[in-house]
Structure formats: C-alpha cells, structure tokens
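> Here is my input; please provide its structure:
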Amino acid sequence: MLVKPILDEALCNGCGLCVDVCRCGALVLVKKIIKIIEAEDCGYCTQCELVCPTGAIQCPFEIVIEETIEIGPEE
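Residues are numbered from 1 along each chain as shown. Alright, predicted model coming up:
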C-alpha cells in the first residue's frame, strides 16, 4: 500500500506553501487546489503538513527517528 498525505480540498486556500516545500515535486496546484500528481515520488517527509496554514494536508502517521548505537566487537 502506498502511503501519501491526505488532502482536504475544501480547506485548501491555494497559497502554494506546500508546493514550495515539496522536495520531490509530488504536489501541484490545479485551479488553486492542491493535488498529488506523483504519489509514488512522495517521500512522506511531512513538510507539506507542517507549512499548511489551513490544515488541508494531514499525514496520518507520526515519523519517529531513533538514534542507533553502534556496538563494537566484544573485547
């Protein structure tokens, strides 16, 4: 299953901030409404959700980055 942001077109005000921060080019404005054109290119970075002033974009999963500790060979 392909995971992609959920778009609420009724909340979109066409500001384009999400398009500006989309590093993979998956978001575009069509008649001043946000659309995902290349969902398979979406890296799910959630930056679009963070900049959206109206809450029109939701990323349903919280991304947690954990630090890993490298353990060397036993001495």
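> Run through the residues that contact the residue nearest to Ala39 when sequence neighbours are not counted.
Spatial nearest neighbour of Ala39, chain neighbours left out: Lys4 (4.5 Å); criterion: Cβ to Cβ, 6 or more residues apart in numbering. The way it works is simple: take the backbone N, C-alpha and C, and place the C-beta from them, glycine included. Going by Cβ atoms under 8 Å, 6 or more residues apart in numbering, Lys4 touches 26, 36, 39, 42, 44.
> One more: Arg23?
Contacts for Arg23 (Cβ under 8 Å, 6+ apart) come out as 43, 45, 47.
> My reading is that it lies in a helix. Confirm?
No: Arg23 sits outside any helix when classified using DSSP: H, G, I helix; E, B strand; the rest coil, being coil.
> From Glu67, how far out is the residue nearest to Ala39?
Separation of Lys4 from Glu67 (Cβ to Cβ, to the nearest Å) stands at 27 Å.
> For stretch 32-42, report the contacting residues that lie outside it.
Stretch 32-42 has contacts (Cβ under 8 Å, 6+ apart) with 2-5, 7, 9, 12, 14, 18-19, 24-29, 56-57.
> try 7 Å
For stretch 32-42, the external contacting residues (Cβ atoms under 7 Å, 6 or more residues apart in numbering) are 2, 4, 7, 9, 12, 14, 18, 24-28, 56-57.
> just the buried members of those residues?
4, 7, 12, 18, 26-27, 56-57 (16 or more other Cβ atoms under 10 Å).
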